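J.: kindly return the folded structure for what I paste below:
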Amino acid sequence: MRQRTAPPVTVVVVRHTWWRAAVLALAGVGWLALGAWAVAHRGAWAVAALGPALLLSLWGVLGRHWRRPGFVLRWDGQCWHWREPERRHECRGRATVRIDLGAWMLLQLVPHQGRGTVWLPLQRAGLEARWHALRCAVYSPTCAMDPLAGPSSSTA
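T.: Next comes the predicted model:
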């Protein structure tokens, strides 16, 4: 007997406001800890090390997470497909919801073959028209052809 699944849906993820805010907040906590460390050590070397450390981490936060290009995520009714911006080929695998806050989710995408896990933050803002369909799809049963899942497993 064939299981019913969610209908196909495709989204292009370009907004990451919540994710960016969380990364920036975490970086801010790290910067405060570095500042407290430099003050506690009161040495010229500690203050001198603080500047490059802050600049390097700021570059990492802004460069890696601030200007993220579009990520194509597609559910074909049986399996997940995605294309990372820096890759030309499409991956195929399973999606697992790791955090669900209603208007924001963190998905773990695991390909059937090839590279390792991809973590994808999703938010309702920018995907309003497809958000419900996307949520239905991520909680749909995993496709039977999925070599990483059993015949009756689900993505949730």
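
J.: contacts, neighbours, all on C-alpha from now
T.: Will do.

J.: can you give me the helices for this structure?
T.: Using DSSP state H, the helices of the chain run over residues 17-41, 44-61, 131-138.

J.: buried deepest among those helices, which one?
T.: Of the helices of the chain, the one with the most neighbours on average (mean count of other C-alpha atoms under 10 Å) is helix 131-138, at a mean of 18.

J.: can you list the weak-confidence ranges in this structure?
T.: Within the chain, the ranges that satisfy pLDDT under 70 run 1-3, 15, 43, 46-47, 61-69, 142-156.

J.: find the nearest non-adjacent residue to the residue nearest the centre of it, please.
T.: Nearest to the geometric centre of the chain sits residue 120, at 1.8 Å (C-alpha atoms, centre = their mean). Once flanking residues are discounted, residue 120 sits nearest to residue 107: 5.1 Å by C-alpha to C-alpha, 6 or more residues apart in numbering.

J.: hang on, that neighbour packs against residue 94?
T.: No. Applying C-alpha atoms under 8 Å as the test, residue 107 and residue 94 come out as separate, 9.8 Å apart.

J.: residue 124 and residue 106: what is the separation?
T.: From residue 124 over to residue 106 the distance is 12 Å, taken as C-alpha to C-alpha, to the nearest Å.

J.: run a quick neighbour tally on the residue lying closest to residue 5 once chain neighbours are set aside.
T.: Take residue 5 and drop its neighbours on the chain: the residue closest to it by C-alpha to C-alpha, 6+ apart is residue 140, 5.4 Å away. Look at residue 140: counted by other C-alpha atoms under 10 Å, it has 23 neighbours.

J.: I'd assumed residue 7 was in contact with residue 140.
T.: No. If you go by C-alpha under 8 Å, residue 140 and residue 7 don't touch, sitting 9.4 Å apart.

J.: which residues touch residue 93?
T.: When contacts are counted by C-alpha atoms under 8 Å, 6 or more residues apart in numbering, residue 93 touches 79-81, 109-113, 146.
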